[in-house]
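In: need coordinates for the below:
(chains A and B)
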Amino acid sequence: MSTRTWSWIHKWSSLVCTLFMLLLCLTGLPLIFHEEIEHLTGVVQAPPMPQGTPDASLDQVAQAALAQRPGEVIRYMFWEEDEHPHITYVSMARSVDAPPDENHAVLIDSRTARVLDEPRTDEGFMYVMLKLHVEMFAGLPGTLFLGLMGLLMVAAIVSGVVLYYPFMRRLKFGALRTQRSARIRWLDWHNLLGIVTVVWLAVVGLTGTINTLNRIVLGLWQMDQMAEMTAPYKGLPPVTRPAHLEASIRAARTAVPDMTVRLVAFPGTMFSSPHHYTFFLKGSTPVTSRLLKPALVDAGTGRLTDSRDMPWYVKTLFLSQPLHFGDYGGLPLKLLWAALDLFAIVVLGSGLYLWLRRPKAAGAEQEAAMDAVEDADPVPAGALRRHGAQELRS
Amino acid sequence: MTNRRQHPSPRTDHLQSAREVFRAPMLLGLATAIGLVSALLGDGVWDALSWLTILAPVVAVVMAWRRRA
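Out: Now for the predicted structure:
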């Protein structure tokens, strides 16, 4: 492809996605540190008790939640032992088939089955940041739209790398000409910060796009593996009075002894079948702690129905989460994530500036390239002409 | 270009090949990629390796700023 074509791709892919990418970079910045921010803003913690205090029965925990919000049902329970030890998060709703967003959280001490807190989950700064980042308050269409913008950004990155070459043939790596016009100064920053963040931004962009497909991917899994595992239950009436929660979690633990339960989806919810508790278990390494493994337990009998590794497309989704969040290498990695995110903001901003201040009448980025190189040195401009003269001037 | 004496010129003395233009970016990209994967592989040493390698692009920017013309 000619340089002109690549310029066209770079210009338009960037122009369409830049404002959305700026939104994502800005809202993503606090989200990198959500765990630290939650701690600072005093999210509830389980009171200290002697080491090794055993957990209460899960049935007691469920009872406590149901008593706290009478008339509602439990849809999910989950645990974040690393971040919030000894706390069982119970996600409740008015009914099992209420909208997926409905989440009335009850935090329960796993050891005493006492209710610790009932935090609002749909307000506050971090909630707004998350909603803007994930869906711009536009639901699934918003999410998918942002995924598409992510793909455009990848196109902008690829074309940007190709264009880096003609711009830099006469310049050393890292050249920052600060004594020149504002255009040249910002061009140099754009090129430097753009080229050093290529791999990181491409990975974060692509994994972000994969994350936007999470509902679709999990829907696929339900129609595929989940349907296979629950085939014998097809047509049976749904379990109306699920019981045996503690027995069920033990069955799941026995089936997958080397992993710990991260989440349980109750019968009839999005991540389960009408007849099962689905326990999602995690391993102990950075990779296996993301690759959740489901164990389906018959909600009527408390016996294991099946437990299989997730198919490749769900594993891809699970692995793309840490690579997007940057939450898998401690605080130093988060700080680097933030630094590269700031670089990306400058790349986006300078790119926009370079377009707004493009030479009049030229109409093509090409001219800008010529202008920049010529400004640097008359020789490479000549070289550029020799290499791509016809297509540049066309 | 009055400060040429303190700072080396940002220009090269010859027209660079693609290999020359992309040498530093390739190394930094490789470092980043190693870092992104290593923290996934384990904790401790693997995390430390990821911090060092992903720090590389940040250091490159700081060095470029110190050498600005």
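In: phi, psi for residue A:279 please.
Out: Main-chain dihedrals, residue A:279, degrees, to the nearest 10: phi -90, psi 130.
In: how many other residues sit next to the residue nearest to it when sequence neighbours are not counted?
Out: Spatial nearest neighbour of residue A:279, excluding adjacent residues (C-beta to C-beta, 6 or more residues apart in numbering or on different chains): residue A:252 at 3.8 Å. Every residue, glycine included, has its C-beta placed from N, CA and C. Residue A:252 has 25 neighbours, counted by other C-beta atoms under 10 Å in any protein chain shown.
In: give me the distance from whichever strand or helix holds residue A:252 to the chain's centre.
Out: Using DSSP states H and E, residue A:252 maps to helix A:245-255. Remark: helix A:245-255 is offset 30 Å from the chain centroid, using C-alpha atoms, centre = their mean, to the nearest Å.
In: what's in contact with it?
Out: Residues outside helix A:245-255 that contact it (C-beta atoms under 8 Å, 6 or more residues apart in numbering or on different chains) are A:57-59, A:62, A:261, A:264, A:277, A:279, A:281, A:295, A:297-299, A:302-304, A:307.
In: residues touching the residue in the stretch 251-394 of chain A that chain B sits nearest to, list them.
Out: Here the stretch 251-394 of chain A gets closest to chain B at one residue, residue A:329, 3.4 Å apart by C-beta to the nearest C-beta. Residue A:329 makes contacts with A:286, B:39, B:47, B:50-51, as judged by C-beta under 8 Å, 6+ apart.
In: contacts only, for the residue nearest the centre of chain B.
Out: For chain B, the residue nearest the mean C-alpha position is residue B:60 (3.9 Å; C-alpha atoms, centre = their mean). The contact partners of residue B:60, by C-beta under 8 Å, 6+ apart, come to A:174, A:196, B:24, B:28.
In: for residue A:38, which non-adjacent residue is spatially closest?
Out: residue A:126 (7.4 Å).
In: do residue A:318 as well
Out: The shortest distance from residue A:318 to any non-neighbouring residue, by C-beta to C-beta, 6+ apart, is to residue A:290 (4.9 Å).
In: so that neighbour sits in a strand?
Out: No - Residue A:290 is assigned coil when assessed by DSSP: H, G, I helix; E, B strand; the rest coil, not a strand.
In: can you count the residues close to it?
Out: The number of residues packed around residue A:290, counting by other C-beta under 10 Å, is 20.
In: just to check, it is in contact with residue A:322?
Out: Yes - using C-beta atoms under 8 Å, residue A:290 is in contact with residue A:322, at 5.6 Å.
In: any weak-confidence spans in the stretch 101-250 of chain A?
Out: Along the stretch 101-250 of chain A, the parts satisfying pLDDT under 70 run over A:243.
In: now do the strands in chain A.
Out: Along chain A, the stretches classed as strands by DSSP state E are A:73-79, A:87-93, A:104-109, A:115-117, A:260-265, A:276-282, A:293-298, A:304-307.
In: in TSV: those, plus distance to residue A:31 and mean neighbour count.
Out: Shown next, in TSV, are these (distance: least, C-beta to C-beta, whole Å; neighbours: other C-beta atoms under 10 Å in any protein chain shown):
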stretch	distance to residue A:31	mean neighbour count
strand A:73-79	19	21
strand A:87-93	19	22
strand A:104-109	19	22
strand A:115-117	22	16
strand A:260-265	20	20
strand A:276-282	21	25
strand A:293-298	27	25
strand A:304-307	32	19
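In: which one, of those strands, ends up nearest to residue B:15?
Out: With C-beta to C-beta as the measure, strand A:276-282 is the member of the strands of chain A nearest residue B:15 (54.0 Å).
In: now do that closest one and strand A:73-79, the angle between them.
Out: 20 degrees (axes from the mean of the first three to the mean of the last three C-alpha atoms, to 10 degrees).
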